[in-house]
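In: based on what follows, work out the 3D shape:
(one chain, ligands or ions: 1)
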Amino acid sequence: MSTDVKTPPAERQYQQPVPPNGIKLPIYMDNHATTPVDQRVLEEMLPYFMEKFGNAASRNHSFGWAAEEAVETARERVAKLIGATTKEVIFTSGGTESDNLAIKGIAEMYKEKGNHIITAVTEHRAVLDSCKRLEKYGYRVTYLPVQKDGLIDLEDLKRVIDDKTILVTIMAANNEIGVVQPVADIGKLCHERGVIFHTDATQAVAKMPIDVLKQNIDLASISAHKMYGPKGVGALYVRNENPRVRISAIIDGGGHERGMRSGTLNVPGIVGLGKACAIATEEMPKESCRLAGLRNRLKDRIMGQLDECYINGSMEHRLPGNLNISFAYVEGESLLMGINDVAVSSGSACTSARLEPSYVLKALGVEDHLAQSSIRFGVGRFNTEPEADFVADRVVETVLHLRELSPEYDAAKRASI
Ligand SMILES: Cc1ncc(COP(=O)(O)O)c(C=O)c1O
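Out: Prediction:
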């Protein structure tokens with residue numbers, strides 16, 4: 001479903017509350033879909049559009065050298081945030097391309113070794129659809145189920161690795177339910193069995209500590225627009241030692257990025273990604289506490305005033321800014337329309353063109369009607385306490401109002417008396 005601001009149908013319109021002073025409507029609380037660019041990021045990017053517009057591959061003049069220097073500074077900043085070396089950071093166009101490059105690049109490079117790939121049913125489409133395509137070319141893919149809390153079972157993973165397994169790809173944090181997988185344990189197991197481990201860390205990087213060495217990660221996908229950087233730029237971490245991981249390029253051309261990703265570098269975008277990483281390196285510990293506090297405040301204020309609402313996914317293993325709640329006896333669509341001055345999402349924004357219940361929630365065993373009544377809140381850097389309170393109150397009022405109109409809710413309440 002889109003997060004466009006919609007007007008509720010006439011029969012559902014009712015007195016809209018006046019926001020307290022200092023709150024500007026609409027409120028954006030969909031920071032898993034994308035984040036606004038941080039002012040500090042934008043300021044570093046701006047010179048690279050006009051004064052310093054050079055091509056980082058131009059070796060013959062100062063325009064090219066300035067661009068190359070900026071790219072290398074950004075590479076250092078990305079590497080620092082995830083505990084990598086600069087050699088191991090490949091710039092791409094974002095999370096989708098990084099996932100494709102990791103999965104297809106490993107599949108091709110290691111095809112003599114084996115043809116088996118393991119992933120999980122709750123992965124992002126960029127991972128699932130890359131795997132689906134490889135199945136067409138004769139690769140065998142195992143899609144691990146998840147438990148009720150959204151976590152994979154390590155015993156399942158142990159069981160399905162075989163001597164043809166070349167890659168395990170399991171996301172660090174889920175984009176809908178924010179559930180954080182046991183990445184370090186998955187990586188350890190993969191290394192013990194001689195299998196390469198890729199993690200889609202698009203939602204995790206800059207929100208929680210990611211250390212590729214400590215967490216035994218061989219490849220990690222990163223996207224700038226999920227961490228207050230610009231859209232259309234990202235990176236893939238590719239481990240250089242212990243073990244040295246090699247990938248085949250999926251885009252052919254001028255041999256940029258050490259042959260792994262051809263194409264003229266998006267210098268302003270890369271500068272923005274680098275600055276976003278530098279800010280995260282400094283501020284993440286404090287920011288993640290603040291976001292968890294805001295998220296919990298939102299949760300407590302909603303759950304304290306409403307019955308029959310259920311949190312989807314583990315609260316313990318979860319991104320600090322994520323909350324995903326199903327509101328029984330309410331249609332997600334109607335709820336979104338009722339809170340049209342608040343930008344949140346039902347299901348994944350990336351699958352927003354489809355109206356089926358979220359495949360992630362279904363994989364957790366959430367019934368269709370509850371999956372369809374779910375809302376994802378993504379609390380971010382620029383949200384405030386008054387905003388969290390306002391959003392909670394809008395949700396509560398709207399759910400109460402919609403339930404007043406629901407014969408099913410009425411019947412359920414009567415039955416429980
Ligand atoms: C977990 C995950 N992986 C990959 C992507 C795709 O990233 P990008 O938008 O940078 O292509 C997203 C974006 O929503 C995501 O949440």
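In: Thr34: how many residues sit nearby?
Out: Thr34: 18 surrounding residues under other C-beta atoms under 10 Å. C-beta coordinates here come from the backbone N, C-alpha and C atoms, glycine included.
In: where does it land in three-state SS?
Out: Three-state call for Thr34 (DSSP: H, G, I helix; E, B strand; the rest coil): coil.
In: how close does it sit to the ligand?
Out: 8 Å (C-beta to the nearest ligand atom, to the nearest Å).
In: hmm, that residue is touching Pro230, no?
Out: No - using C-beta atoms under 8 Å, Thr34 makes no contact with Pro230, being 10.0 Å away.
In: can you show me the strands along the stretch 201-350 of the chain?
Out: For the stretch 201-350 of the chain, applying DSSP state E, counting those that start in this stretch gives strands covering 219-223, 234-238, 309-311, 322-327, 342-343.
In: and stretch 62-77, how far out from the chain middle?
Out: 27 Å (C-alpha atoms, centre = their mean, to the nearest Å).
In: wait, stretch 154-171
Out: The chain centre lies 22 Å from the centre of stretch 154-171; the measure is C-alpha atoms, centre = their mean.
In: show me where the protein has helices.
Out: 39-45, 62-82, 95-109, 125-136, 154-160, 183-192, 267-303, 332-338, 359-363, 368-372, 385-404, 407-416 (DSSP state H).
In: out of those helices, which gets nearest to Val212?
Out: helix 62-82 (5.3 Å; C-beta to C-beta).
In: can you give me the domain assignment for this protein?
Out: Using automatic domain parsing, the domain parsing of the chain gives 10-37+284-416, 40-279.
In: TSV for those, including mean pLDDT?
Out: Output for the domains of the chain, formatted as TSV (pLDDT from 0 to 100):
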stretch	mean pLDDT
domain 10-37+284-416	90
domain 40-279	98
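In: ok, the nearest residue to Glu68 once chain neighbours are set aside to Gly263 distance?
Out: Using C-beta to C-beta, 6 or more residues apart in numbering and skipping the chain neighbours, the partner closest in space to Glu68 is Ala56 (4.5 Å). As defined by C-beta to C-beta, to the nearest Å, Ala56 lies at a distance of 11 Å from Gly263.
In: hang on, the earlier thing: from the helices of the chain, which stretch is densest packed?
Out: Counting by mean count of other C-beta atoms under 10 Å, helix 95-109 has the highest mean neighbour count of the helices of the chain, with a mean of 25.
In: what packs against that helix?
Out: Other elements packing on helix 95-109 under the criterion 3 or more C-beta pairs under 8 Å, 6 or more residues apart in numbering; DSSP states H and E are strand 89-92, helix 125-136, strand 165-169, strand 196-200, strand 219-223, strand 234-238.
In: residues in contact with Phe327?
Out: Residues near Phe327 by C-beta atoms under 8 Å, 6 or more residues apart in numbering: Leu306, Glu308, Cys309, Leu335, Ser373, Ser374, Ile375, Val395, Val399.
In: enumerate the residues of this protein near the ligand.
Out: 94-96, 99, 124, 126, 171, 175, 200, 202-203, 223, 225, 234, 350 (C-beta under 6 Å from any ligand atom).
In: pick the one among the contacts of Phe327 closest to Ile279.
Out: The nearest member of the contacts of Phe327 to Ile279, counting by C-beta to C-beta, is Ile375 at 28.5 Å.
In: the closest one against Ile325, yeah?
Out: Yes - when contacts are counted by C-beta under 8 Å, Ile375 is listed as touching Ile325 (5.9 Å).
In: comparing the two, which shows the higher neighbour count?
Out: Taking other C-beta under 10 Å, Ile375 and Ile325 do not tie; Ile375 has more neighbours (25 against 21).
In: what sits against the more buried one?
Out: Counted by C-beta under 8 Å, 6+ apart, Ile375 has contacts Asn324, Ile325, Phe327, Gly332, Leu335, Leu336, Val344, Ser345, Ser346, Val395.
In: go again using 10 Å as the cut-off
Out: If you count contacts by C-beta atoms under 10 Å, 6 or more residues apart in numbering, Ile375 has them with 29, 302, 309, 312, 323-327, 330, 332, 335-336, 339, 342, 344-347, 395, 399.
In: so it versus the ligand, what's the distance?
Out: As judged by C-beta to the nearest ligand atom, Ile375 and the ligand stand 17 Å apart.
In: before we move on, what about Ser248?
Out: With distances taken as C-beta to the nearest ligand atom, Ser248 is found 20 Å from the ligand.
In: residues touching that residue, list them.
Out: Residues near Ser248 by C-beta under 10 Å, 6+ apart: Leu101, Lys104, Gly105, Ile106, Ala107, Glu108, Met109, Tyr110, Lys111, Gly259, Met260.
In: and those residues as CSV, adding distance to Pro243?
Out: Formatted as CSV, the contacts of Ser248 follow (distance: C-beta to C-beta, whole Å):
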residue, distance to Pro243
Leu101, 18
Lys104, 19
Gly105, 15
Ile106, 12
Ala107, 17
Glu108, 17
Met109, 12
Tyr110, 11
Lys111, 17
Gly259, 19
Met260, 17
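In: list just the nearest of these to Glu76.
Out: Lowest distance from Glu76 to these (C-beta to C-beta) belongs to Met260, with 18.1 Å.
In: in the sheet, who's paired with the closest residue to that closest one other than its chain neighbours?
Out: Excluding the flanking residues, the one nearest Met260 by C-beta to C-beta, 6+ apart is Ile90, at 4.9 Å. Note on Ile90: beta-bridge partners Leu236, judged by DSSP bridges.
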